[in-house]
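> how would this look folded up:
(one chain, ligands or ions: 1)
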Amino acid sequence: MGSRRQRKMDDGERSLIGPPASGGDASMWFVYVLAAFSALGGLLFGYDTGVVSGAMLLLKKEMNLSALWQELLVSSTVGAAAISALIGGFLNGWLGRRICILVSSFIFSIGGVILSVAPDKVVLLVGRITVGLGIGIASMTVPVYIAEVSPPHLRGQLVTINCLFITGGQFIASVVDGAFSYLSHDGWRYMLGLSVLPAFLQFVGFIFLPESPRWLLQNGRSQEAYQVLGRIRGRQNVEEEYDAIRANIEEEEKEAGSGGLVILRILSHGPTRRALIVGCGLQMFQQLSGINTVMYYSATILQMAGVRDDKQAIWLAAATSASNFVFTLVGVWLVERVGRRRLTLGSLLGTGLSLALLAVGFLLTALNSPPITFHPVHSQNSTCTQYRSCEPCMLNPDCGFCYRENGTQVFDSSCIPVNQASTDHAAWGRCSNQTGVPSGPMWAYNYCPTSYSWIVLVGLIFYLAFFAPGMGPMPWTVNSEIYPLWARSTGNACSAGVNWIFNVLVSLTFLHVAQFLTYYGAFFLYTGLVFLGLLFVLGCLPETQGLQLEDIESLFKSNVLSHRI
Ligand SMILES: O[C@H]1[C@H](O)[C@@H](O)[C@H](O)[C@@H](O)[C@H]1O
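The predicted structure is shown next:
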């Protein structure tokens, strides 16, 4: 590395470019502004993926949506994000980071407008796909842009701030959902449309903000690169950094060649292939640890814990996403203190233990599932009425549990088909209306009344406390820094694509997995996957803290199985 550091621009070139603009201490301020404006992409990512659950409660009633349409409207966004993240890699290399951020905020704005004026479900679907396209591009471009403009000692923290914005977006979405849930007519238009505001702000901001100096240099625009680096770093000595980046690009071209498809070059070049495996593996294990199951089903988990009122459950779900946000803040604080590797390992260990606790809570709940004591006769024959206890009844999505309660004692309990139009009621019988009246029958859909729910609640809190500082942000942070410049866009596109694909897979399969393996089986499965992830990180993830982006590639030159804690 030393010799690379010695390389300087030749005098002719430097006099052409002129001295970098000096900004004094204002330079740090400028890096924060750049990070904040780009992280608005993270905010939109979080907002648009989070807001839909609350909007769906109103939409399904107003538009009379079938289960298939509800699933389509939720997962089309994530599916579109997976595809556009992959395409984003090519766009990033071709058009640059800045144009990609402009494109994504433009797409977000258009998507928000379509969603807020949608006259029917087909237009809604078009809107949801549109925002998904924006999310995919933003999710892979923003971390790369922030990493490329940050000084090494702040890079981890600034990229982690993007994740803080993601969880912040999810939190804002849950509060907006709560607030507009009282507006049963058209409330969803405000929920889905509000994302236009940050999208527009980002678009305007990026008209004035600069391109990444690293991308400029790679594309032969050395004068602009030098100017931008000077503007971002202020009075700091940028020549050394400029020369290092340029020398590195030349060296990379010699080593990895410059023709052919980038993905093929990545795969045939040992260090980048290893980096890609680490990056994609981290993103895969992030999703396999079940974060989005926990986020999506937190309302159900809270209901199991004894929260019966719908509105209360919505606000407590907001508290769940608030915890995800607050604990991500802990990650921002820790990342430059303990490093990426130790943070990820600690987070995985705690996440695994919390998942095991959640599973034990569900297991005890299942073992103590209240028996069914009342078998009403109805002309409409159904499998629901055949069950002997609440557990199998709750696991069948067509059935719900209708019961009376005396303190913690459950009595007069039956399993009844759910009303297809609204899971808030049974299709017939005493729970088909008037539930929630004191001393009246209670209706439990998706959960069983239990006195072990506190274990599940404690598990949920521990889960977020451990996941959010490490496994939440680190896959994004590490991916933004482990690839050499020529492979950075493609590497991030692939790993972001893996993240979105596993996101769809885990959230779409959760209910089926729970049906086959029960809830506790599903959570034991996630526990096992997290411990596999722990072994993977233990063997493969090197520490990248404090290094220049240009120096990180060398970490992957040697056998990746030799990293110490
Ligand atoms: O890093 C983020 C964050 O942890 C979010 O809470 C989660 O919903 C996303 O899937 C993940 O990529």
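> now the stretch 451-565 of the chain against the ligand: closest residue?
G472 (3.3 Å; Cβ to the nearest ligand atom). The C-beta positions use only the backbone N, C-alpha and C, and glycine is treated the same way.
> and the residue nearest to S369 when sequence neighbours are not counted, what helix or strand is that in?
Nearest-residue entry for S369: E391, 3.8 Å, with adjacent residues in sequence omitted and distances by Cβ to Cβ, 6 or more residues apart in numbering. Following DSSP states H and E, the helix or strand that holds E391 is helix 390-395.
> which helix in this structure has the most residues?
Criterion DSSP state H: the longest helix present in the chain is helix 485-540.
> shaky segments in the stretch 301-450 of the chain?
301, 303-310, 434-439 (pLDDT under 70).
> same thing but 50
Within the stretch 301-450 of the chain, not a single segment meets pLDDT under 50.
> now the chain
1-24.
> circling back: now do the helix holding E391: distance to the chain's middle.
30 Å (Cα atoms, centre = their mean, to the nearest Å).
> packing partners of that helix?
Packing partners of helix 390-395 (3 or more Cβ pairs under 8 Å, 6 or more residues apart in numbering; DSSP states H and E): strand 399-406, strand 409-417, helix 485-540.
> OK, contacts around the residue of the stretch 451-565 of the chain closest to the ligand?
Neighbour list for G472: C163, T167, Q286, I291, N324, F327, T328, G331, S347 [criterion: Cβ atoms under 8 Å, 6 or more residues apart in numbering].
> then E252?
P484, L485, W486, E553.
> 6 Å - rerun?
With contacts defined as Cβ atoms under 6 Å, 6 or more residues apart in numbering, E252 is in contact with P484, W486.
> same question, E241
Contacts for E241 (Cβ under 6 Å, 6+ apart) come out as none.
> return the set of buried residues in the helix or strand hosting it.
Using DSSP H and E, E241 sits in helix 238-256. Residues of helix 238-256 classed as buried by neighbour count (16 or more other Cβ atoms under 10 Å): 238-239, 241-249, 252, 256.
> do the same with stretch 417-437
P417, V418, N419, D424, H425, A426, A427, G429, R430, C431, S432, T435.
> of those, just say which sits nearest to the ligand.
Nearest to the ligand, judged by Cβ to the nearest ligand atom, of these is D424 at 26.3 Å.
> quick one: secondary structure of the closest one?
Classification of D424 by DSSP: H, G, I helix; E, B strand; the rest coil places it in coil.
> what are the phi and psi values at it?
Note on D424: backbone dihedrals following degrees, to the nearest 10 are phi -70, psi -10.
> do T373 as well
Per degrees, to the nearest 10, the backbone of T373 is at phi -110, psi -10.
> and G136, how far from the ligand?
Per Cβ to the nearest ligand atom, to the nearest Å, G136 is found 12 Å from the ligand.
> what is the three-state secondary structure of the residue lying closest to that residue once chain neighbours are set aside?
Among residues not flanking G136 along the chain, S84 sits closest, at 3.1 Å (Cβ to Cβ, 6+ apart). Three-state assignment for S84 (three-state DSSP): helix.
> just checking, S84 touches L133?
Yes. Proximity of S84 to L133 meets the contact threshold set by Cβ atoms under 6 Å, at 4.3 Å.
> higher neighbour count, these two?
S84 (27 against 23; other Cβ atoms under 10 Å).
> measure that one to the ligand for me?
S84 sits 15 Å away from the ligand when distances are taken as Cβ to the nearest ligand atom.
> check contacts around that residue.
The neighbours of S84, taking Cβ under 6 Å, 6+ apart as the test, are L133, G136, I137.
> okay, and V204 sits in which element?
helix 196-208.
> near the ligand, which residues of the protein are found?
Selection of the chain residues close to the ligand by Cβ under 6 Å from any ligand atom yields 163, 166-167, 170, 286, 291-292, 295, 324, 472-473, 499, 503.
> can you pick the most crowded of the residues you listed?
That'd be P473 among the residues of the chain next to the ligand, by other Cβ under 10 Å, with 31 neighbours.
> which residue packs closest to it, ignoring adjacent ones?
Nearest non-adjacent residue to P473, counting by Cβ to Cβ, 6+ apart: C163, 3.4 Å away.
> mind checking what secondary structure the residue of the stretch 451-565 of the chain closest to the ligand has?
Strictly by three-state DSSP, G472 counts as coil.
> cool, and N446?
N446 - assigned by three-state DSSP - is coil.
> and Q515, what does it touch?
Q515 neighbours (Cβ under 6 Å, 6+ apart): L395.
> oh, I was asking about S38
V142, Y145, I146.
> one more time with 8 Å, if that's ok
S38 touches I101, V142, Y145, I146, N162, Q202, F206, counting by Cβ under 8 Å, 6+ apart.
> ok, of these, which one's closest to the ligand?
Nearest to the ligand among these is N162, at 9.1 Å by Cβ to the nearest ligand atom.
> go ahead and confirm that closest one touches W476.
Yes. Between N162 and W476 there is a contact at 6.5 Å, judged by Cβ atoms under 8 Å.
> shared neighbours, those two?
When contacts are counted by Cβ under 8 Å, 6+ apart, N162 and W476 are jointly contacted by P143.
> hey, where'd the helices end up in the stretch 251-400 of the chain?
262-268, 270-288, 291-296, 298-304, 310-338, 340-367, 390-395 (DSSP state H, counting those that start in this stretch).
> what's the last one in contact with?
Outside helix 390-395, the residues that touch it by Cβ under 8 Å, 6+ apart are 365-366, 369-372, 384, 387, 399-401, 413, 415, 444-449, 514-515, 518-519.
> again, 7 Å this time
366, 369-370, 372, 384, 387, 399, 401, 413, 415, 446-448, 514-515, 518 (Cβ atoms under 7 Å, 6 or more residues apart in numbering).
> list only buried entries from the residues you listed.
Here, 16+ other Cβ under 10 Å leaves 366, 369-370, 372, 384, 387, 399, 401, 413, 415, 446-448, 514, 518 buried among those.
> before we move on, the earlier item: which one of the contacts of S84 sits closest to A465?
Taking Cβ to Cβ as the measure, A465 lies nearest G136 of these, at 29.2 Å.
> isn't that closest one up against G88?
Yes. G136 lies in contact with G88 (Cβ atoms under 7 Å); the separation is 5.9 Å.
> overlap in contacts of the two?
With Cβ under 7 Å, 6+ apart applied, the contact sets of G136 and G88 do not overlap.
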